[in-house]
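Student: Here is a sequence with its predicted model. Questions after.
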Amino acid sequence: MKKILIKNAKVLDFEKGKEILRDVLIEGDTIVDVKESVLDENAEVLDIEGKYLFPGLIDAHAHFREPGEEYKEDIKSGSRAALHGGVTTVLAMPNTKPPLDSRAMIDFVIERAKEAGYAEVLPVGTITKGREGEELAEIGDMKEGGAVAFSDDGSWVRNSSVMRRALEYSIAFDTVIISHAEDSSLSHGIAHESVLSYEMGLEGYPAQQEEIAVFRDIKLAELTGGRLHIAHVSSSGSLKIIKDAKERGVNVTCEVTPNHLLLAQEEIDLFNPLYKVNPPVRSRNDRASLLNALKDGTIDIIATDHAPHNWYEKETDFNSAPFGMISLDFYFSLLYSELVSNNKLSLFDLVAAVTYKPAEIFKLKDRGRIAKGFLADLVVFDPRKEFVITEEFIRSKSKNTPFLGKKVKGSFVKVIKKGRVLDIEEI
Ligand code: DOR
């Protein structure tokens, strides 16, 4: 089996909270040695000269639109965008057309991703048949076929009894139920409801629309002992509910998107559809709470909610444009540039939130760390290399991001996927 020896890698020692230099030996698709100095005459040497080596990123929330809306994205373009952004494993959400609600659909996604050969795609199955919220889907069957979690993402499971059963199933099938926490009877608007949204004449989307749903799902997780993960948390009120639940030992974790960590309603052009996302970009106060919650562990992970939409769908008026932004190609660099470089977030907190923490939540035992026996999914990061987020840079089929034209400092230069070394430009 082919051996590759990565020399002079700067790696993060999470136990000691220190950056250390290591040599990493890969054989086939596995890491076989990590030491201060490794010698192996039979290995091909890759000297990365003190650049960072991180585990390949794991994104727990992306929309790949296949089947049904391949003009926005497909599994090939989505998994390519992921790998280009340093993501070696990505969870694909099931709100496709038709939704991923059967074993056959799960098999289809896994096969398509294997054919494409970019990032590994782990499908998320729906909680309910047709994603309609009424009848549980075949969770056990889909889990056996390779679904790593279950969600009706895009919609909240409004029926409490159905959600209760789903959480009970999460114990029986040792899996995770992801909640798209949104009481949509309160979400008629398009922007976060605030004094500003009133002043601008935009119909609002109150934070309570999320908080009510978070509260109910936590209560059901408490009742059942089931495994709950809350997607794209956006309001400070939700964080208080989650923190309190964690302190009481409820089995709950949650994620935040790069969009909600970086954007604030007071600072964006509220009439630009590229900023239209669900949940909406909330206030500066919410954004500050999200960052603090990431640091204190209330928020466990960062997940993209990569939501591709075609240009003509977005280049319309704010009311009719669909919700969502892409970010797989560049989110790590953007977060590094905007938060780590400015000392708002430590590199350790950022890397943990996109590597071993998602691996722990979704029980991906063979990835997320640089250690003997783990998969050789690795990324080489140069903190000095700058680039501009352009349409040409983005490998996703859709370009719907308000960060187009933004210059960022810090770039992946190589991605190693199961032992295969790729230059970032060739992806
Ligand atoms: O903005 C969003 N877009 N939020 C979601 O929850 C769904 C997603 C989509 O599928 O476009």
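Tutor: In hand now; what should we look at?

Student: Model confidence for the closest residue to Thr316 other than its chain neighbours, exactly?
Tutor: Excluding its sequence neighbours, the residue lying closest to Thr316 (C-beta to C-beta, 6 or more residues apart in numbering) is Pro273, at 6.6 Å. Heads up, the C-betas are built off the backbone N, CA and C, glycines and all. Pro273 carries a pLDDT score of 95 in this model.

Student: shift numbering so it begins at 2
Tutor: Noted, 2 is the first residue going forward, which turns the last one into Pro274.

Student: ok now do Pro274, which residues does it touch?
Tutor: By C-beta atoms under 8 Å, 6 or more residues apart in numbering, the contact list for Pro274 reads 315-319, 322.

Student: among the residues you listed, who's most crowded?
Tutor: With neighbours taken as other C-beta atoms under 10 Å, the top of the contacts of Pro274 is Lys315, carrying 21 neighbours.

Student: my guess is that one meets Tyr276, correct?
Tutor: No: between Lys315 and Tyr276 there is no contact under C-beta atoms under 8 Å: 10.2 Å.

Student: near the ligand, which residues of the stretch 202-351 of the chain?
Tutor: Counting by C-beta under 6 Å from any ligand atom, the residues of the stretch 202-351 of the chain lying close to the ligand are 278-279, 306, 308, 323-325.

Student: make it 5 Å
Tutor: Taking C-beta under 5 Å from any ligand atom as the contact definition, the stretch 202-351 of the chain meets the ligand at 278-279, 308, 324-325.

Student: got a list of what Pro95 touches?
Tutor: So Pro95 contacts 101-102, 106, 124-127, 132, 152-154 (C-beta under 8 Å, 6+ apart).

Student: Save the residues you listed as CSV, and put in pLDDT and neighbour count too.
Tutor: Converted to CSV, these look like this (pLDDT from 0 to 100; neighbours: other C-beta atoms under 10 Å):
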residue, pLDDT, neighbour count
Leu101, 98, 27
Asp102, 98, 24
Met106, 98, 22
Pro124, 98, 27
Val125, 99, 28
Gly126, 99, 28
Thr127, 99, 32
Arg132, 98, 22
Ser152, 98, 26
Asp153, 98, 30
Asp154, 97, 23
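
Student: Among those, which one sits closest to the ligand?
Tutor: Asp154 (5.8 Å; C-beta to the nearest ligand atom).

Student: is it true that that closest one lies in a strand?
Tutor: No: the assignment for Asp154, made by DSSP: H, G, I helix; E, B strand; the rest coil, is coil rather than a strand.

Student: surely it meets Val125?
Tutor: Yes: counting by C-beta under 8 Å, Val125 is a contact partner of Asp154 at 7.2 Å.

Student: Could you pull up phi and psi at the nearest residue to Ser397 once chain neighbours are set aside?
Tutor: Distances taken as C-beta to C-beta, 6+ apart place Ala82 nearest to Ser397, at 3.9 Å, with adjacent residues excluded. In terms of degrees, to the nearest 10, the main-chain angles of Ala82 are phi -60, psi -40.
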